[in-house]
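**Q** coordinates only, sequence not included:
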Ligand code: GLU
């Protein structure tokens with residue numbers, strides 16, 4: 001039986017609940033989203049026709065602080081996907097211990113089919129439709145798949161037209177417009193700190209470690225670039241159009257140049273073409289799914305040759321694949337830790353907006369490192385205490401923190 005996205009996420013939570021023996025009424029509380037909003041977004045297209053889209057904002061939990069989480073523009077966006085991603089944000093913010101809850105939003109749209117002006121109108125109408133639910137101390141969106149600093153700038157501007165200057169309403173803004181230095185690279189950089197810590201625990205180094213990276217968007221490309229700079233060997237990368245492989249390691253700065261010039265990593269000279277499926281089963285040490293969700297399934301998990309799976313994407317591993325990987329001693333470094341660098345620096349951006357003060361990039365990066373190292377230490381401690389997999393321990397840690405906040409606040 002195939003589980004939907006929310007059931008997949010809940011499966012991992014359920015494992016944490018079982019370890020912690022969470023009573024049923026608390027389980028319900030922790031699983032159920034606090035608020036779900038579905039909106040119609042009608043805009044005028046460039047040719048004068050009507051564009052009619054559906055958008056969502058789901059607020060999962062705010063016991064530890066304001067709701068926080070990205071906005072995704074993708075044809076697969078639906079209630080189920082956003083619900084599962086909103087829940088993941090609750091656990092992610094808890095793992096890195098930033099004072100936020102969890103939320104997610106998105107629009108069901110293929111943004112590559114829209115002009116820049118249409119995208120701007122879509123974003124501004126979306127803000128109008130969800131404006132009453134969000135705010136710098138209530139719910140703070142951010143970039144996610146197919147949204148970037150430019151989209152966040154429109155978001156900030158539209159919200160500020162209604163409520164006055166409010167840069168803290170959204171994070172991931174351009175650096176010129178109250179964004180934080182280091183935010184763009186933060187998720188990839190956080191992934192790098194995560195794998196560095198995991199390897200170090202086994203007495204291993206990043207240098208010479210072999211990686212296969214699925215996805216060359218914000219997360220994958222920054223991760224590949226920073227890892228390459230530190231001597232990691234990136235054997236394969238891919239984007240929506242396909243992948244490239246070189247057993248000696250790819251020259252990532254040149255791959256980036258090629259991708260900038262041609263719009264894709266495909267046809268990079270000195271590499272052979274491989275598919276987005278093959279990239280998952282490359283003979284390497286660390287597999288980094290950094291694109292879509294649910295790419296590791298019961299059908300391909302047996303063929304994964306990596307020792308570690310570093311989840312740059314949200315929800316790349318299905319429940320069945322996770323069990324198969326665990327039984328084969330493949331260690332999954334779960335999304336709610338691995339890719340938490342993005343929301344961590346979002347927290348720093350929000351803090352800077354509140355302070356009306358700019359941190360130097362060095363400070364942002366070194367604070368990010370502190371948060372990732374700290375979270376790893378807590379996860380490792382939890383793994384030892386409960387003698388369980390890294391994914392289970394990470395969920396246990398997150399559940400403990402959210403549960404404690406929920407209890408302290410009380411239900412009355
Ligand atoms: N969309 C990113 C994530 O999934 C970042 C969220 C944020 O910065 O609020 O973690």
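**A** Received it, and whenever you're ready, just let me know what you need. No experiment lies behind these values; they were computed from the predicted model shown. Numbers count the residues shown, from 1 in each chain.

**Q** SS state for the residue of the chain positioned farthest from its centre?
**A** Distance from the centre of the chain peaks at residue 48, with 35.8 Å (C-alpha atoms, centre = their mean). Three-state call for residue 48 (DSSP: H, G, I helix; E, B strand; the rest coil): coil.

**Q** which residues does it contact?
**A** When the contact criterion is C-beta atoms under 8 Å, 6 or more residues apart in numbering, residue 48 has no partners at all. Placement of C-beta: from N, CA and C, glycine included.

**Q** any idea how far it is from the ligand?
**A** Using C-beta to the nearest ligand atom, to the nearest Å, one gets 34 Å for the distance from residue 48 to the ligand.

**Q** check that residue and give its pLDDT.
**A** On pLDDT, residue 48 comes in at 98.

**Q** how much space between it and residue 385?
**A** Taking C-beta to C-beta, to the nearest Å as the measure, residue 48 falls 63 Å from residue 385.

**Q** again with residue 161
**A** To residue 385, residue 161 is 50 Å away according to C-beta to C-beta.

**Q** check whether stretch 185-203 contacts the ligand.
**A** No. Interface with the ligand: stretch 185-203 contributes nothing (C-beta under 6 Å from any ligand atom), its closest point being 6.7 Å away.

**Q** what are the buried residues along that stretch?
**A** Counting neighbours by 16 or more other C-beta atoms under 10 Å, one finds that the buried residues in stretch 185-203 are 185-199.

**Q** now flag whichever of the residues you listed is closest to the ligand.
**A** residue 187 (6.7 Å; C-beta to the nearest ligand atom).

**Q** find me the pLDDT at the closest residue to that closest one other than its chain neighbours, would you?
**A** Spatial nearest neighbour of residue 187, chain neighbours left out: residue 342 (3.7 Å); criterion: C-beta to C-beta, 6 or more residues apart in numbering. Residue 342 carries a pLDDT value of 98.

**Q** so which helix or strand takes in residue 342?
**A** Element membership for residue 342, per DSSP states H and E: helix 341-355.

**Q** quick one: that helix near the ligand?
**A** Yes. For helix 341-355 and the ligand, the contact criterion (C-beta under 6 Å from any ligand atom) is met by 342, 343, 346.

**Q** how much space separates residue 371 from residue 124?
**A** Look at residue 371 and residue 124: by C-beta to C-beta, they are 33 Å apart.

**Q** so for those two, which residue has more residues nearby?
**A** Taking neighbours as other C-beta atoms under 10 Å, residue 371 and residue 124 compare with residue 371 leading, 21 against 18.

**Q** for whichever residue of the stretch 151-300 of the chain sits closest to the ligand, what are its contacts?
**A** The nearest approach of the stretch 151-300 of the chain to the ligand comes at residue 171, 5.4 Å away (C-beta to the nearest ligand atom). Contact partners of residue 171, counting by C-beta under 8 Å, 6+ apart, are 140, 141, 142, 152, 179, 180, 183, 346, 347, 349, 350.

**Q** where does the chain have its least confident helix or strand?
**A** Using mean pLDDT, DSSP states H and E, the weakest-scoring helix or strand in the chain turns out to be helix 24-31, at a mean of 91.

**Q** who are the packing partners of that helix?
**A** If contacts are counted by 3 or more C-beta pairs under 8 Å, 6 or more residues apart in numbering; DSSP states H and E, helix 24-31 sits against helix 5-20, helix 390-409.

**Q** contacts for the very next helix or strand once past that helix next, please.
**A** As assigned by DSSP H and E, the chain's next helix or strand after helix 24-31 is strand 35-44. The contact list for strand 35-44, computed with C-beta under 8 Å, 6+ apart, reads 50-59, 79, 83, 107, 118, 121-122, 125-126, 129-130, 133.

**Q** any idea which residue of the stretch 51-200 of the chain lies closest to the ligand?
**A** Counting by C-beta to the nearest ligand atom, the stretch 51-200 of the chain gets nearest the ligand through residue 70, at 2.7 Å.

**Q** in contact with the residue nearest to that residue when sequence neighbours are not counted, which residues?
**A** Nearest residue to residue 70, sequence neighbours excluded (C-beta to C-beta, 6+ apart): residue 144, at 3.0 Å. Residue 144 sits next to 69, 70, 71, 72, 85, 104, 106 when contact means C-beta under 8 Å, 6+ apart.
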